[in-house]
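Student: Here is a sequence with its predicted model. Questions after.
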Amino acid sequence: MNRNRKAKIVATVGPASSDSSTLEAMFLAGADVFRLNFSHGSHEDHRQRLSTLRAMEQRLGRPIGVLLDLQGPKLRIGAFAQGSVKLEKGAAFRLDLHGARPGDVERVALPHPEIFAALEPGARLLLDDGRIELQVERFGADHADTIVVNGGVLSDRKGVNVPGVVLPMSAMTDKDRRDLDFGLGLGVDYVALSFVQRAEDIHEIREIVQGRAAIIAKLEKPSAVARLDAIVEAADGVMVARGDLGVEMPAEQVPAIQKRIVRACRRLGKPVIVATQMLESMVAAPVPTRAEASDVATAIYDGADAVMLSAESASGKFPVEAVSMMNKIIEQTESDAYYLESMQASQSPARAEIADAIGLALRNVADLLDVAATVAYTSSGHSALRIARERPKAPIIGMTPRLSTARSLALVWGVHAVLVHDVASVSEMTDFACSTAGREGLAAPGQTIVIAAGMPFGTAGTTNLLRIAQVS
């Protein structure tokens with residue numbers, strides 16, 4: 001089952017898409033990775049969904065990636081005596097730690113001492129997804145006196161964002177730790193960490209994961225963007241969480257930030273997912289707006305590894321149609337001659353390392369000989385990642401003896417993952433690569449393929465071999 005495209009699709013599973021028939025229809029329509037959003041649903045809900053996906057994987061004979069998305073810290077105000085208040089522009093408003101006292105037009109509880117610990121005079125506080133803006137004038141360990149910059153109706157337990165401030169708190173809550181332990185026990189392939197502020201957040205979760213899943217850093221805060229290169233280096237992949245970024249920074253800056261993040265990931269060869277509101281109107285409509293179609297195409301032209309559906313597939317009325325539409329947009333975009341030109345023009349220089357040298361040489365050979373397919377024989381997935389970094393024109397067959405690696409490659413640009421047996425020699429690998437390329441419909445007899453692998457076989461991170469072969 002081959003995709004006629006290089007970029008991948010991540011589809012969120014939810015109430016609208018939990019049954020076996022809908023999940024299979026979504027996969028057949030183009031979903032490569034399924035996201036389990038642990039901000040919603042019980043452990044039993046997610047257990048059943050993952051069980052359904054694994055059964056479908058076995059039935060269809062194709063590796064399927066599963067992404068566990070952790071909720072992360074949720075900073076919220078307390079409750080009001082009347083359920084809500086109307087804040088007028090220029091009015092004074094206090095936030096404090098007195099959670100037992102219901103709020104009014106003059107104050108409300110903010111039960112997060114870590115926020116007060118990080119404040120500075122002039123700091124901005126955004127409430128209710130940025131609809132309300134406060135500016136800090138004075139503060140202490142248990143309170144902040146602010147002036148209302150943008151007013152409006154503020155109701156119970158709305159969210160709080162503190163842009164431009166690194167909060168002294170872990171990216172993982174106690175709930176996240178329980179969810180992570182549960183998900184790793186189920187065998188998820190990726191874990192997306194919310195509320196990333198610095199590379200140390202990635203190091204913290206990596207100590208817990210211990211190689212049992214790949215770690216995706218969700219970039220949703222300006223403080224993370226300021227430390228972009230270090231975070232990308234520390235993570236196994238990145239998600240551009242544009243909705244939250246758009247709350248904490250001006251909306252007009254988000255497109256440039258998105259491009260910057262994608263470039264940083266491509267430079268280091270780390271998979272990058274562009275997410276949030278990509279086909280938002282398809283939550284309620286069977287077709288997207290033209291602007292949404294253009295938004296998806298822009299991410300593809302930038303070279304993103306994957307684009308993601310959230311509410312469109314989790315709770316919308318048209319989950320299968322949303323996947324199908326995203327699939328069509330990607331196929332149409334990648335068929336544009338400008339797409340290949342843009343991939344080549346935006347390619348960053350390879351690092352002076354053996355694996356990158358092999359990947360660069362493979363791309364040059366593949367372009368010169370116009371090969372039918374490239375092949376990465378890989379145990380850890382490293383060879384496939386280094387080839388994908390170079391964005392070759394020919395499809396990449398990721399041949400691996402490890403099911404976990406095959407599943408993780410479902411997220412990587414251009415990679416068609418195939419589960420195979422171990423090989424003992426270069427000649428056996430070559431013959432096996434040729435037969436696999438033919439069996440998967442990616443090369444015909446007489447066509448040429450180019451293979452990258454690591455010697456000795458089965459050793460992670462040893463990409464050091466390039467071989468050209470002809471399919472018989």
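Tutor: Received it, and whenever you're ready, just let me know what you need.

Student: ranges for the strands of the stretch 301-450 of the chain?
Tutor: Here the stretch 301-450 of the chain has its strands, by DSSP state E, counting those that start in this stretch, at 306-309, 373-377, 396-400, 415-419, 448-454.

Student: deepest of these, which one?
Tutor: strand 373-377 (a mean of 29; mean count of other C-beta atoms under 10 Å). The C-beta positions use only the backbone N, C-alpha and C, and glycine is treated the same way.

Student: Output that one as PDB, nothing but the C-alphas.
Tutor: This file holds the C-alpha atoms of strand 373-377, laid out as PDB (Å, rounded to 0.1, in the frame of the first residue of the first chain):
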ATOM      1  CA  ALA A 373      13.900   4.100  -5.500                       C
ATOM      2  CA  THR A 374      16.400   4.700  -2.800                       C
ATOM      3  CA  VAL A 375      16.700   2.100   0.000                       C
ATOM      4  CA  ALA A 376      17.800   2.500   3.600                       C
ATOM      5  CA  TYR A 377      18.500  -0.800   5.300                       C
END
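
Student: partners of it, with directions?
Tutor: Sheet pairing of strand 373-377 (DSSP bridges) gives strand 396-400 (parallel), strand 448-454 (parallel).

Student: Which of those strands sits closest to residue 328?
Tutor: When the strands paired with strand 373-377 are compared by C-beta to C-beta, strand 396-400 sits nearest residue 328, at 22.1 Å.

Student: Pull out the CA atoms of that closest one and give them to me as CSV.
Tutor: Provided in CSV are the C-alpha atoms of strand 396-400 (Å, rounded to 0.1, in the frame of the first residue of the first chain):
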residue,chain,number,x,y,z
ILE,A,396,12.8,6.0,0.2
ILE,A,397,12.2,2.4,1.2
GLY,A,398,13.0,2.1,4.9
MET,A,399,13.8,-1.7,5.3
THR,A,400,14.1,-2.7,8.9
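
Student: Who are the contact partners of the residue nearest to residue 69 when sequence neighbours are not counted?
Tutor: Distances taken as C-beta to C-beta, 6 or more residues apart in numbering place residue 192 nearest to residue 69, at 4.3 Å, with adjacent residues excluded. For residue 192, the contacting residues are 35, 67-70, 216-218, 239, by C-beta atoms under 8 Å, 6 or more residues apart in numbering.

Student: Export those to a markdown table and append columns for distance to residue 43 and pLDDT.
Tutor: Listed next are the contacts of residue 192 as a markdown table, based on distance: C-beta to C-beta, whole Å; pLDDT from 0 to 100:
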| residue | distance to residue 43 | pLDDT |
| --- | --- | --- |
| 35 | 16 | 98 |
| 67 | 16 | 98 |
| 68 | 11 | 98 |
| 69 | 14 | 98 |
| 70 | 13 | 98 |
| 216 | 20 | 98 |
| 217 | 24 | 98 |
| 218 | 21 | 97 |
| 239 | 22 | 98 |
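
Student: Widest-spaced pair of those residues?
Tutor: 35 and 217 (15.0 Å).
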